[in-house]
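Chemist: Need a 3D model of the sequence below.
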Amino acid sequence: METTHDFDVIIIGAGAAGLSAAQMLGRSLRSVLVLDTASPRNRLAAHMHGILGGDGLNPRDFLARGRAEVAAYGVQFGTAGASTVAETATGMAVTTTDGTTLTARRLIAATGVRDELPPIPGLAEGWGRDVLHCPYCHGWEVRGSRLGVLATSPMAVHQAHLIRQWSDEVVFLSADAGPVDDAVARTLGSRRVVIEPRRVVEVTRNDAGALTGVRLADGDEVALDAIFTAGQLHPNDAYLDGLGLEREEMPFGSFIHADFTGKTSNPRVFAAGNITSPMANVPISMSAGTMAGSMVNMDLVTEDFDLAAERIDAA
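Modeler: Predicted structure coming up:
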């Protein structure tokens, strides 16, 4: 006999990916629960960019509008997070952070990543405002300004190349990139990118909280208007540890592997957005969520027919 579950699908995470998946499933007449802890990665930014038709939207307004659209299709929301996930004979069981256990036929993980910034005083205070990570998201707003690129790894050299597109006043704060060899120095210097090898010990701000520059280890200061940097990325996927999902090693860390449909190594578990694709922006995450939601519905359609055939055969 077919086992009754609380929901067809539980979606963990209510960012662009999770809500897009929920929209597809709600429109497919599926019973869906979205677990939303209201902590999206871009919550500290005032505006989003690179979203055709939605350029400049406030991230919270964007998600509130999306949530209202999804709720109109009967999708339910919970405010707890996921603590653990376990496989059952016919589906998945999710234990939430408030101790409730819920079951579903399928699971979509869309809890994104968190950014760990270098522990430099004054840096985290400007995250999403004047301490930035993506020039495609924020470069236009600081174009022509005095920009710093704060290295966190040797890959920061490529970020310094990229940021030069938005300003001809770029300082590469290279201490954590390792020694800059002559070839790299020559390339950066060819477009007047200044290399500053001394370590940054503080991000300086004025009385209004606006970034004014950085203080170096010897006390000297460099005047800047904004800083681009790449923090360490940590996927928010600890609740999935018990499933032993296949992972993929990337330059940014270890991430759950999912194919283009969102399917992971467990056929009942799908993943979408930054939790599996750390470089995905909002439109890419929306696309991934839409695909995952659609494919989960198709997966369930196939299972519905298989179960119906089994009942007929049993009768």
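Chemist: Mind checking what secondary structure the nearest residue to Leu123 once chain neighbours are set aside has?
Modeler: Taking Cβ to Cβ, 6 or more residues apart in numbering as the measure, Leu123 lies nearest to Val203, with 4.8 Å between them; neighbours along the chain are not counted. For the C-beta atoms, the positions are set from N, CA and C on the backbone; glycine is no exception. In the three-state summary, Val203 is assigned as strand, counting by DSSP: H, G, I helix; E, B strand; the rest coil.
Chemist: wait, what's in contact with Val203?
Modeler: Taking Cβ atoms under 8 Å, 6 or more residues apart in numbering, we find Val203 in contact with 120-123, 125-126, 131, 211, 213-215, 227.
Chemist: Buried ones from the residues you listed, can you make that a PyMOL selection?
Modeler: Applying 16 or more other Cβ atoms under 10 Å to the contacts of Val203, the buried members can be selected in PyMOL as follows:
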select buried, resi 120+122+123+126+131+211+213+214+215+227
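Chemist: partner residues bridging the residue nearest to Leu123?
Modeler: In this entry, Val203 is beta-bridged to Val214, by DSSP bridges.
Chemist: Can you tell me which of the contacts of Val203 is closest to Ser20?
Modeler: Within the set of those, Val131 lies nearest Ser20; the separation is 28.0 Å, counting by Cβ to Cβ.
Chemist: show me what contacts the nearest residue to Arg43 once chain neighbours are set aside?
Modeler: By the measure of Cβ to Cβ, 6+ apart, the closest residue to Arg43 outside its immediate chain neighbours is Pro59, 6.2 Å from it. Neighbouring residues of Pro59 by Cβ under 8 Å, 6+ apart: 40, 42-43, 45, 47-48.
Chemist: Kindly state the pLDDT recorded for Pro59?
Modeler: Here the pLDDT value assigned to Pro59 is 91.
Chemist: I'd like to know how far it sits from His133.
Modeler: The span separating Pro59 from His133 equals 14 Å under the rule Cβ to Cβ, to the nearest Å.
Chemist: do the same with His161
Modeler: From His161 over to His133 the distance is 15 Å, taken as Cβ to Cβ.
Chemist: just Leu63 next, same as before
Modeler: Here the criterion is Cβ to Cβ. By it, Leu63 lies 19 Å from His133.
Chemist: With neighbour numbers in mind, choose between the two.
Modeler: Summary of the neighbour comparison: Leu63 and His133, criterion other Cβ atoms under 10 Å, with Leu63 having more neighbours (21 against 17).
Chemist: tell me how far the helix or strand containing the more buried one is from the chain's mean position?
Modeler: For Leu63, the element it lies in under DSSP states H and E is helix 59-71. The gap between where helix 59-71 is centred and where its chain is centred comes out at 17 Å by Cα atoms, centre = their mean, to the nearest Å.
Chemist: Equivalent analysis for stretch 29-41, please.
Modeler: On Cα atoms, centre = their mean, the centre of stretch 29-41 falls 15 Å from the chain's centre.
Chemist: now it: mean pLDDT?
Modeler: 91.
Chemist: Only the buried residues of it, if you could.
Modeler: If you call a residue buried by 16+ other Cβ under 10 Å, then stretch 29-41 has these buried ones: 30-37, 40-41.
Chemist: Can you tell me the SS state at Ala89?
Modeler: State at Ala89, reduced to three classes by three-state DSSP: coil.
Chemist: count of neighbours near it?
Modeler: A total of 5 residues lie near Ala89 under the criterion other Cβ under 10 Å.
Chemist: can you pull out the helices in the stretch 101-250 of the chain?
Modeler: Chain-ordered helices for the stretch 101-250 of the chain, with DSSP state H, counting those that start in this stretch as the definition, fall at 135-138, 156-163, 182-190.
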